[in-house]
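1. Sequence first, predicted model second:
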Amino acid sequence: MSVKIRIVRKDIILDAELFETETAKYIVAALPIEVEPNEWGEEFYFEIPVRMPLDKTATTKVSIGDIGYWPPGNALAIFFGPTPMSKGPEPVPASEVNIVGRITGDATLLRRAKGSGAMRLERS
């Protein structure tokens, strides 16, 4: 069963879920997480205290709203639009990510949350 979480940045609050994967279970155990995220196009990413290898969900084909874990940076990536590697409207990660969750609301609202400021991920 997935775990419901909330992503909070500036005045944006989005509901999301973390799936039942080994990587996601470690992320849930690390919650809450509060960080100043990096931006890469329309992707927020940030280091988290989780160290996992690529798994069977690993892919470079992601959609707006996907939440991925990027092993090279021990980072969580939240995709809400095109990235510098995109050829169209869909995001493309720098390399494979483990798909660990999905935003259940309108992920494109995160476009309004770009810039400086803390982001918080917590159980809802």
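-> Noted; the coordinates are in hand. Quantities reported herein were computed from a predicted structural model and do not represent experimental measurements.
2. So what does the residue nearest to Ile12 when sequence neighbours are not counted have for phi and psi?
-> The shortest distance from Ile12 to any non-neighbouring residue, by C-beta to C-beta, 6 or more residues apart in numbering, is to Ala113 (4.6 Å). All C-beta spots, glycine's among them, are computed from the backbone N, C-alpha and C. Note on Ala113: its backbone torsions stand at phi -100, psi 10 [degrees, to the nearest 10].
3. and Ala113, what is it in contact with?
-> Ala113 sits next to 9-10, 12, 119 when contact means C-beta atoms under 8 Å, 6 or more residues apart in numbering.
4. Identify, from those, the entry nearest to Ala30.
-> Using C-beta to C-beta, Met119 is the member of the contacts of Ala113 that lies nearest Ala30, at 14.2 Å.
5. how far away is the closest one from Lys56?
-> 28 Å (C-beta to C-beta, to the nearest Å).
6. So which of the two has more stuff around it?
-> Ranked by neighbour count (other C-beta atoms under 10 Å), Met119 and Lys56 place Met119 first, with 20 against 9.
7. Apart from its neighbours in sequence, what residue is nearest the more buried one?
-> Nearest residue to Met119, sequence neighbours excluded (C-beta to C-beta, 6+ apart): Arg9, at 4.3 Å.
8. where exactly do the helices run in the chain?
-> 22-30 (DSSP state H).
9. got the contact list for the residue nearest in space to the middle of it?
-> Closest to where the C-alpha atoms of the chain average out (C-alpha atoms, centre = their mean) is Ile78, at 2.6 Å. By C-beta under 8 Å, 6+ apart, the contact set of Ile78 is 7, 37, 43-45, 67, 103, 107, 110.
10. do the same with Asp55
-> 21-23, 98.
11. One more: Pro49?
-> Contact analysis of Pro49 by C-beta under 8 Å, 6+ apart lists 30, 74.
12. The closest residue to Glu122 other than its chain neighbours and Lys56: what is the separation?
-> Spatial nearest neighbour of Glu122, chain neighbours left out: Pro32 (4.1 Å); criterion: C-beta to C-beta, 6+ apart. Per C-beta to C-beta, Pro32 is found 28 Å from Lys56.
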